[in-house]
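Undergrad: coordinates only, no sequence provided:
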């Protein structure tokens, strides 16, 4: 198990032409019939696993059974964890929507790609199409690529998923609470009423297929089911080739909706029912992979874009043992659940306490597939293959640090067990996250040397990304370029 170097590529074993060619080589070399003939050195063939990346919205660290939820039943996601790997110290790269998703797609911290924290429908700023996304990377290796669900990196034709490496797109390209009618609020009291009355019609949002709107307003009571159906159809259609499915659920971001057969009018049950509905849909996708005999060669990743939206009260999730939630750089804002399954490479029942992040997916997939990362597009993520197998690898972030970005600046850094939180406003705070994951005991006074070292690292990282920052897409500049060309 793991990522061994192979002397004979698997392609020689599955391709008759290559096998015959290789056999002829042995005969001509006079090697056939020898008791232990030497095998010629051949470069190992790079693996091309299918990739299913399931990205939830605002799911908290404490929202899954495998992370200790006493309330939400999530047997299918728990099964992914038991059949693979569960991270205890996994991070989104930002504490709110758009910047988190941009970092996931590009392997870069927010400041490097100049992405705002949250953009609105019709935004004049978006992820630059010149950036190399995971989809671009894998498409260069012959993958079929699909984006299903929330995009939130731009809704102009030039910035939708089909302009960023995806063959197809089906989803709402921004948050499901946007384009809300003015008479309605987004607080817990209004959300109670929206849940009870199932008022998906108060959101004047749009469902896209590729670049065309196919429904508006969107019936969100069936949205998660429809996303799941699309995911299954994509897998079935591409069973004979390598594929990348990016399935970004709209929920459990508010407003919460479930199908009629799962509905309970009590709004205090809304969050639990939504999580359990998502879990059921994950189970349907897992069953599809099993039925098509694709599970062994498919890397399934389940995680979240940031922590829970605690101000929504019972419509928001739980950060579990962690402090605070979405919108903060405390652990509850960016440490998120992450489970992975890849039977041919990841041992069953593995738990890792090593630091890893969504920014690591792109460079890890590049290493796995042999795709090249362009020298003029450096990334901040690192190859974490050593954390996936049973070789006892150590996080590549342990020495260089993992940075908690907010407002284009590092507001905290973690190096090993130490985390320094030092925002623009406020005094620095230092925590030993191994002993105190809930950030309850500030050790600034006890560890002044560590504080100064981490301060210096934060300053150096800020200066580095200032000089290396790349521009976002801007509608005005795109219009000028189009007129000039």
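TA: Nice, I can see it. If you're wondering where the values come from, they're calculated on a predicted model, not measured in any experiment.

Undergrad: strand partners of the host helix or strand of residue 53, parallel vs antiparallel please.
TA: Per DSSP states H and E, residue 53 falls inside strand 50-56. With DSSP bridges as the test, strand 50-56 is paired with strand 243-248 (parallel), strand 298-304 (parallel).

Undergrad: how far out from the middle of the chain is that strand?
TA: Centre-to-centre, strand 50-56 and its host chain are 7 Å apart (C-alpha atoms, centre = their mean, to the nearest Å).

Undergrad: please enumerate residues in contact with that strand?
TA: Contacts of strand 50-56 with the rest of the structure, by C-beta atoms under 8 Å, 6 or more residues apart in numbering, involve 101, 104, 134, 138, 143, 149, 231, 235, 242-249, 251-252, 278, 282, 285, 289, 294, 297-305, 361, 365. Just so you know, the C-beta spots here come from the backbone N, C-alpha and C atoms, and that holds for glycine as well.

Undergrad: so which elements touch the helix or strand that comes right after it?
TA: Proceeding N to C from strand 50-56, the next assigned helix or strand is helix 75-82, under DSSP H and E. The elements that helix 75-82 packs onto, with contact taken as 3 or more C-beta pairs under 8 Å, 6 or more residues apart in numbering; DSSP states H and E, are helix 270-291, strand 298-304, strand 338-341.

Undergrad: what is the subsequent helix or strand relative to the second one?
TA: Tracing the chain past strand 298-304, the next element assigned as helix or strand by DSSP H and E is helix 331-334.

Undergrad: quick check: mean pLDDT across that following helix?
TA: Averaged over helix 331-334, pLDDT sits at 98.

Undergrad: list the buried residues of it.
TA: Applying a neighbour-count criterion of 16 or more other C-beta atoms under 10 Å, one finds 331-334 buried in helix 331-334.

Undergrad: domains of this structure?
TA: As recorded under automatic domain parsing, the domains making up the chain are 50-388, 400-468.

Undergrad: average pLDDT for the shortest one?
TA: Spelled out, that is domain 400-468. So the average pLDDT for domain 400-468 ends up being 96.

Undergrad: is it correct that residue 149 is in contact with residue 247?
TA: Yes - contact between residue 149 and residue 247 holds when scored by C-beta atoms under 8 Å: they sit 5.8 Å apart.

Undergrad: the more surrounded of the two?
TA: Shown here are residue 149 and residue 247; by other C-beta atoms under 10 Å, residue 149 has more neighbours (28 against 24).

Undergrad: who's in contact with the more buried one?
TA: Under the criterion of C-beta under 8 Å, 6+ apart, the neighbours of residue 149 are 55, 170-172, 227, 246-250.

Undergrad: sorry, back to before: need the winner for burial among the domains of the chain.
TA: domain 50-388 (a mean of 21; mean count of other C-beta atoms under 10 Å).

Undergrad: could you work out the end-to-end span of it for me?
TA: Length of domain 50-388, first residue to last, C-alpha to C-alpha, to the nearest Å: 16 Å.

Undergrad: now stretch 160-180
TA: End to end - C-alpha to C-alpha - stretch 160-180 spans 21 Å.

Undergrad: check the offset of it from the chain's centre.
TA: 15 Å.

Undergrad: check stretch 383-402 too.
TA: Counting by C-alpha atoms, centre = their mean, stretch 383-402 is centred 17 Å from the centre of its parent chain.

Undergrad: just stretch 322-330 next, same as before
TA: That offset, for stretch 322-330, works out to 18 Å (C-alpha atoms, centre = their mean).

Undergrad: now stretch 57-71
TA: 16 Å.

Undergrad: what does stretch 256-269 give?
TA: Computed by C-alpha atoms, centre = their mean, the chain-centroid distance of stretch 256-269 equals 27 Å.

Undergrad: want to try CSV for the strands paired with strand 50-56, with mean pLDDT and distance to residue 94 as columns?
TA: CSV is the format used below for the strands paired with strand 50-56 (pLDDT from 0 to 100; distance: least, C-beta to C-beta, whole Å):
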stretch, mean pLDDT, distance to residue 94
strand 243-248, 98, 15
strand 298-304, 98, 12
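
Undergrad: which parts of the stretch 101-250 of the chain are strands?
TA: According to DSSP state E, counting those that start in this stretch, the stretch 101-250 of the chain carries its strands in the segments 125-126, 144-149, 168-171, 207-209, 212-215, 243-248.

Undergrad: right, and those - which one's nearest residue 85?
TA: Checking the strands of the stretch 101-250 of the chain against residue 85 by C-beta to C-beta gives strand 243-248 as the closest, at 18.9 Å.

Undergrad: the closest one versus strand 144-149: what angle between them?
TA: Calculated by axes from the mean of the first three to the mean of the last three C-alpha atoms, to 10 degrees, strand 243-248 forms an angle of 10 degrees with strand 144-149.
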